[in-house]
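> pasting a predicted model and its sequence here:
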Amino acid sequence: MDLLGRLLSEPATTALEKALDAAALRHQATANNLANVNTPGFKRTRVGFEDELEGALEALGGGELPQPAAAVERPAAWAALQGLTPRVVKETATSLRNDGNNVDVENELALLNQNTLWYAALSRQLTIQFSLLRQVITEGRR
């Protein structure tokens, strides 16, 4: 792998990338839930990811965004982080209405708003990571 590839695939950037992927998938799942609010028998889906991400980050060094050395020092934990994928779970055990649909519009809208804020925070953090990388590359000169 070339230098740029190594810099872009360092643990913090990878963790942010995986979290952004999960947030995008969560947005799709929530939008699908809202689109099917009146579909009889429809069961909502949710995206599970944060617990797995937290575990992978904990294994890499304490639950915060890991330093580049963590990939070398803990190769199994690094591989686990790289292999993380969000999972879509269908909630079949509940029904809110007589027709079997279990989508609560207010809950879905709240989740959509929460996910939008989460995505924005992740994007901002990734921007900071790239700004630091740019500063290192240019040796602090402008």
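Sure, I can see it. This one's a predicted model, so the numbers in the text were calculated from it and none came from an experiment. Numbers count the residues shown, from 1 in each chain.
> remind me which residues of the protein are low pLDDT?
1-9, 62-72, 140-142 (pLDDT under 70).
> residue boundaries of the strands in it?
45-48, 87-90 (DSSP state E).
> distance-wise, check Thr30 relative to Val103.
Look at Thr30 and Val103: by CB to CB, to the nearest Å, they are 10 Å apart. Placement of C-beta: from N, CA and C, glycine included.
> please apply the same query to Ala56.
Between Ala56 and Val103 the computed distance is 31 Å (CB to CB).
> cool, and Ala110?
Distance, Ala110 to Val103, by CB to CB: 13 Å.
> same check on Leu133?
As for Leu133, its distance to Val103 is 42 Å (criterion: CB to CB).
> Gly61 too?
39 Å.
> what of Glu91?
The gap separating Glu91 from Val103 is 10 Å, by CB to CB.
> for the lengthiest helix in the chain, packing partners?
The residue-count maximum for a helix in the chain (DSSP state H) belongs to helix 105-137. Contacts defined by 3 or more CB pairs under 8 Å, 6 or more residues apart in numbering; DSSP states H and E place helix 105-137 against helix 11-35.
> so which elements touch the helix it packs on?
The contact analysis (3+ CB pairs under 8 Å, 6+ apart) places helix 11-35 against strand 45-48, helix 50-61, helix 75-82, helix 105-137.
> and that helix, what's buried?
The neighbour-count check on helix 11-35 (16 or more other CB atoms under 10 Å) flags 11-23, 25-27, 29-30, 33 as buried.
> tell me the angle that helix makes with helix 50-61.
Counting by axes from the mean of the first three to the mean of the last three CA atoms, to 10 degrees, helix 11-35 lies at 180 degrees to helix 50-61.
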